[in-house]
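> prediction below, plus the sequence it came from.
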Amino acid sequence: MRLWSDSRVGITEQDLADIALTVADEAAQLARTVRAEAVRDVATKSTVTDVVTAGDTAAEELIKARLAELRPGDAVYGEETGGALGDGVTWLVDPIDGTVNYLYGHPSHCVSIAAQVGGRSVAGAVVEPVSGRRWSAARGHGAWLDGVRLSVSAPASLELTLLATGFAYDRDRRLAHAAVVAELLGVVRDIRRGGSAALDLCAVAAGWVDAYVESWLSPWDWAAGALIAEEAGAVVRLPGEHGLGDSAVFAAAPAIADDLARACADAGMGAERRGG
């Protein structure tokens, strides 16, 4: 199945997913191997709580080098070192999603790599350095965890929905989203906060949670995970596809998607003060 035109004959979405998984696996091994040394070299970005370790930088450098070998000519855009968006395939790279967890030794962090065409993810992979779990998807080919096909849950109602979310690094944005979450706590089963947007989206795909919503995400945060959730059957709405804010991501089991979207809007999601 081919959803775009590529001059390299025979390249499919599945081929790109295989490349993403191979490279993400190599980067995850590197992140795990260098962690003890990497967390001694820590810098900050947007705020004092928004950290980047030497492990993030090393993993992104490896990913860019490997993609240059395997897909020469493709554009690569990484969280830490930037890049450019291309007219053909663009790779969106989050070398360690959940860097604060990585810094603390919490196992909930991952490498996330997605191939996009025209701003739409066509292939992606998420690999966890600690557990070794390997998530992947190719558009039209389903979503997979270690060779097992994934399918979302089917909660009976919104009040029986287990919802995942996360919070921005900026203090004002955290507080604004916390007010939304406080309202949602009254209408769902419970809330989970893992610290990695990519893994939260994968959890929706596996049925480990029923839905995930978060504001103020960047494309590399969701590019692979959102495709994995969508290919597992989730209703996925990306920035610009809903009324929940121009940087929010929404992924939910179909059984409760409409009800949850209304509840999010009623709770003020999309109207939060943007902060600094």
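Structure's in. What do you need?

> can I assume Ala164 is in contact with Asp200?
Yes. The pair Ala164 and Asp200 qualifies as a contact (C-beta atoms under 8 Å) at a distance of 4.3 Å. For the C-beta atoms, the positions are set from N, CA and C on the backbone; glycine is no exception.

> more neighbours: the two, which one.
Legend: neighbour count by other C-beta atoms under 10 Å for Ala164 and Asp200, higher for Asp200 (31 against 23).

> which SS state does that one fall under?
Under DSSP: H, G, I helix; E, B strand; the rest coil, the three-state class of Asp200 is helix.

> can you give me the strands for the stretch 1-150 of the chain?
Using DSSP state E, counting those that start in this stretch, the strands of the stretch 1-150 of the chain run over residues 42-44, 51-53, 75-78, 82-83, 89-97, 110-117, 120-127, 134-138, 143-145, 148-149.

> can you lay out these as JSON lines showing mean pLDDT?
Converted to JSON lines, these look like this (pLDDT from 0 to 100):
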{"stretch": "strand 42-44", "mean pLDDT": "74"}
{"stretch": "strand 51-53", "mean pLDDT": "78"}
{"stretch": "strand 75-78", "mean pLDDT": "94"}
{"stretch": "strand 82-83", "mean pLDDT": "76"}
{"stretch": "strand 89-97", "mean pLDDT": "97"}
{"stretch": "strand 110-117", "mean pLDDT": "98"}
{"stretch": "strand 120-127", "mean pLDDT": "98"}
{"stretch": "strand 134-138", "mean pLDDT": "98"}
{"stretch": "strand 143-145", "mean pLDDT": "98"}
{"stretch": "strand 148-149", "mean pLDDT": "98"}
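
> okay, those strands in JSON lines with distance to Ala59 and mean neighbour count next?
Supplementary listing: the strands of the stretch 1-150 of the chain in JSON lines, determined by distance: least, C-beta to C-beta, whole Å; neighbours: other C-beta atoms under 10 Å:
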{"stretch": "strand 42-44", "distance to Ala59": "15", "mean neighbour count": "12"}
{"stretch": "strand 51-53", "distance to Ala59": "9", "mean neighbour count": "20"}
{"stretch": "strand 75-78", "distance to Ala59": "9", "mean neighbour count": "20"}
{"stretch": "strand 82-83", "distance to Ala59": "15", "mean neighbour count": "12"}
{"stretch": "strand 89-97", "distance to Ala59": "4", "mean neighbour count": "27"}
{"stretch": "strand 110-117", "distance to Ala59": "6", "mean neighbour count": "30"}
{"stretch": "strand 120-127", "distance to Ala59": "11", "mean neighbour count": "27"}
{"stretch": "strand 134-138", "distance to Ala59": "16", "mean neighbour count": "28"}
{"stretch": "strand 143-145", "distance to Ala59": "21", "mean neighbour count": "22"}
{"stretch": "strand 148-149", "distance to Ala59": "26", "mean neighbour count": "10"}
